Structure formats: C-alpha cells, structure tokens
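Enquirer: Kindly return the folded structure for what I paste below:
(chains A and B)
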Amino acid sequence: MTDVAIPPIELHEAPPASPPIEIPDFEIVPRAGLVFAAVAAVALIAAIESNKLWPLEFLHVSAGAAWTIIDLFLGLVLGPIMGAMPVPARIQFTTRLMPKMVVIMPIAVTLTLAAGWQLSTHLGTNLTVHPDHGWVVASMIVVGVMSVIALGFLEPANIAVLIELKKPRPNPEVIEHLMKRFVYSAGVLGLMQVATLVIMTKLGSG
Amino acid sequence: MNERKYPPVTGIAMTSLGLIVAGGIYLSAHLPQHVPIGPAVVLLVLSALLMAYNIYSLTRVKDFPWDRFFAVAKWSLLAYLVIAGLIEYAFLHNHLRGGPLVVLTLSLLIFAIHVPTLLGFTVARYYDPEQEVAGAPAA
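Expert: Residues are numbered from 1 along each chain as shown, chains lettered A, B, ... in the order given. So this is what the prediction gives:
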C-alpha cells in the first residue's frame, strides 16, 4: 500500500505551517475480509441446517465472545487511548482499524444472533415454560438496545469517517466530530456488554 | 464543517429501528407458542411510517447530494439484505409461519432499508464539493 501526503489543512485548530498529514492508502471495505465473512455466513447456514449442539454453540459463543470483547476493549481501553492521540497518529490508527471493523462487526453480530436463536430453540430456553426464559428475554432486550445504538451511531460514524479520509482534502473538523461519536458510542456499548456477560454467564451456569 | 440544516434523520431512524426491535423482541419472547400479533403490527406500522417520513424529508432537502447517498446506500443495502436473509433463514428453519412470519419479515425489510438510508445520509451530509478539488481549502 502506498502512503499519500496531503497538504496541511488550514482550519481553526491546524496552524498554517503544520506538516502535511500522512493518510495511508486503504480500502474502506477490505475485499479479503469479505471472503472471511462469506465463509462465516456459509458456516452459519450449515450449523442451522444441521441443528446440532456443538456447531451452534461454537458459532454463538465464539462470535458472541468476539462481539463482547471487541466492544469492551474498544469502548473502555482503545477508545480513551484514541481520544488522547494526536490527530496524525489517530488517522494512521483509524485507517488501519476501522476498515477491519466494517467487516468484522456485522458478521460477528449476525452469527451471534442467528446461531443464538437456533441454539435457544434447540435447548428450549426460548420456551416460556423454561426456567431461564426470563434471562433469554433480558438478553434480547440488551442486544436490541445495543443494536440500535450500534446501527444508529457507531456504524454510520465508522463509514463516514473512512469516506472523509478518502477525500482529496479531508476536513479535520468532520473527522474529529465523527471520531468522538464513534468513541462515545463504543464506550456506551462497552458498558452494556457487561450486562451481556452477566446474563450469558448466568445462562451458562444454569 | 458543513453547517447546513438537515431534518432529524438519525433520531427518526433510531426510533424506527427501536420500534421494530421492540416488536421483534415481543414476538421472539413468545415464539414458538401462539402469540397475539396486534402489538407487533402496531410497532411495525409506526416504524414503517417513520421510515417513509425520513425518506420523504430527505427528498425535500434542496441540493441533497444523492449520488453520494446512493454510492454508500446501495452497497450497504446489499450487505444488510444478506444479514436480514440469514436471520430470516433461522426463523424459517424453525417452521415459523403465518402472521408472526409476515411481521418479522417486514421488520427485517425495514431494518435492511433504514440502516443503509442512515449510512448514506451520514456520508452525504458531510459532502462538500470543494473538498473534491485537490488544493482547495476544506470546510
């Protein structure tokens, strides 16, 4: 990949004589990642079709763990670090991290939800008579709220910041605004994932 | 930054998504037993109305950069149709039929249209033609 140097952007916070901000060349949606996502989608269809405990549990637990840990780590560890980084360093980091998130998060969430629903049907925990039914409904509510925040705030900010960085003259103010939105949403989602951990460990313990 | 005034697309889209998520949770919490679909239908209709209003309000924005909007929305529509299809497949595999299937399918359709609308809008609202010219000042 080649690096592109753009001239200094003359805005309120950027001094006129600041050095050019280096923006690495990047793909907004990495094509190699789409192959991984397609393989995961096929694995999901096969697991649901087989309706066997191990493949369903494997996909639900591994994708759910990835979703939870990424949200927790991004929201509570990486987010504050990114917020404290100087703008050029943040751009370098963002152009490497965010395209991967564009592919990883939607497929991880889809695997978790679809395999989780099938697993719940297989185990009978989605039946109203099951003693753990209340916990399953609680997990749906937490996931529902997280989905609305992720789809309404986090994902659009993620895509928009990458497209802004692809422009010949990216606007630092827009990047700053969208990054703040991304980091705050990730923080809220990270905190909500603690509730997911509580519910899932309770369900796992019986 | 682009200081143009836009309708509250993000807030309306999140409310619309919240309504179909609530309807989906309501149905999923009762399935596979019989479930009265009335509340889910009301939530679905309200969500659909909000989505229609959102799209209508965007068409009323003067000089809205639709090419930018569709450049993002068309690919995300494809992605979210695939995601909605995978979730629908899980329901179909469990022999979901009748009213609940129709409500959940339409809810997934709203989800698959409204999320790309939101993505396209967020990108298009920050479009500034001057930024496309190398050397021109940003903002």
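
Enquirer: host element of the residue most central in space within chain B?
Expert: Residue closest to the average C-alpha location in chain B (C-alpha atoms, centre = their mean): residue B:114, at 1.1 Å. Assigned by DSSP states H and E, residue B:114 falls within helix B:98-125.

Enquirer: Show me what that helix is packed against.
Expert: Helices and strands touching helix B:98-125, by 3 or more C-beta pairs under 8 Å, 6 or more residues apart in numbering or on different chains; DSSP states H and E, are helix A:155-166, helix B:9-30, helix B:38-59, helix B:66-93. Backbone N, C-alpha and C define where each C-beta goes, glycine included.

Enquirer: which residues of chain A fall in strands?
Expert: Remark: strands assigned in chain A by DSSP state E are A:3-6, A:21-24.

Enquirer: lowest-confidence stretch among the ones you listed?
Expert: Mean pLDDT is lowest for strand A:3-6 among the strands of chain A, at a mean of 46.

Enquirer: what comes up buried for the helix holding residue B:114?
Expert: B:100-101, B:103-104, B:106-125 (16 or more other C-beta atoms under 10 Å in any protein chain shown).

Enquirer: got it, and stretch A:174-193?
Expert: For stretch A:174-193, by 16+ other C-beta under 10 Å, it's A:174-179, A:181-190, A:192-193.

Enquirer: Enumerate every residue touching residue 104.
Expert: Looking at chain A here, since you left the chain open. Contact analysis of residue A:104 by C-beta atoms under 8 Å, 6 or more residues apart in numbering or on different chains lists A:33, A:66, A:70.

Enquirer: other chain: chain B
Expert: Contacts for residue B:104 (C-beta under 8 Å, 6+ apart) come out as B:24, B:27, B:88, B:91, B:96.

Enquirer: can you tell me which of these are up against chain A?
Expert: B:24, B:91 (C-beta under 8 Å from any C-beta of the partner chain).

Enquirer: Surely residue B:96 is in a strand?
Expert: No. Assessed by DSSP: H, G, I helix; E, B strand; the rest coil, residue B:96 does not belong to a strand; its assignment is coil.

Enquirer: Relative to chain A, how far out is it?
Expert: As for residue B:96, its distance to chain A is 10 Å (criterion: C-beta to the nearest C-beta, to the nearest Å).

Enquirer: what pLDDT does that residue get?
Expert: 79.

Enquirer: how many neighbours does it have?
Expert: Other residues near residue B:96 come to 17 when the count uses other C-beta atoms under 10 Å in any protein chain shown.

Enquirer: my guess is it meets residue B:35, correct?
Expert: No. In this structure residue B:96 lies outside contact range of residue B:35 using C-beta atoms under 8 Å: 10.7 Å.

Enquirer: Tell me which of the helices and strands packed on helix B:98-125 sits most buried.
Expert: Mean neighbours per residue, mean count of other C-beta atoms under 10 Å in any protein chain shown, is largest over the helices and strands packed on helix B:98-125 for helix A:155-166, with a mean of 23.

Enquirer: Kindly export that helix (C-alpha atoms) in PDB.
Expert: Provided in PDB are the C-alpha atoms of helix A:155-166 (Å, rounded to 0.1, in the frame of the first residue of the first chain):
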ATOM      1  CA  GLU A 155     -21.700   2.200  12.200                       C
ATOM      2  CA  PRO A 156     -22.600   5.400  10.300                       C
ATOM      3  CA  ALA A 157     -19.700   7.300  12.000                       C
ATOM      4  CA  ASN A 158     -17.300   4.400  11.200                       C
ATOM      5  CA  ILE A 159     -18.200   4.500   7.400                       C
ATOM      6  CA  ALA A 160     -18.400   8.300   7.200                       C
ATOM      7  CA  VAL A 161     -15.000   8.900   8.800                       C
ATOM      8  CA  LEU A 162     -13.400   6.400   6.400                       C
ATOM      9  CA  ILE A 163     -15.100   8.100   3.400                       C
ATOM     10  CA  GLU A 164     -14.000  11.500   4.700                       C
ATOM     11  CA  LEU A 165     -10.400  10.300   4.900                       C
ATOM     12  CA  LYS A 166     -10.600   9.100   1.300                       C
END
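
Enquirer: How far off centre is that helix?
Expert: 14 Å (C-alpha atoms, centre = their mean, to the nearest Å).

Enquirer: Show me what it is packed against.
Expert: So helix A:155-166, by 3+ C-beta pairs under 8 Å, 6+ apart, packs with helix A:87-123, helix A:172-205, helix B:66-93, helix B:98-125.

Enquirer: Quick one: the ones you listed as JSON lines, columns for distance to residue A:52 too.
Expert: As requested, the helices and strands packed on helix A:155-166 are arranged in JSON lines below (distance: least, C-beta to C-beta, whole Å):
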{"stretch": "helix A:87-123", "distance to residue A:52": "8"}
{"stretch": "helix A:172-205", "distance to residue A:52": "19"}
{"stretch": "helix B:66-93", "distance to residue A:52": "13"}
{"stretch": "helix B:98-125", "distance to residue A:52": "24"}
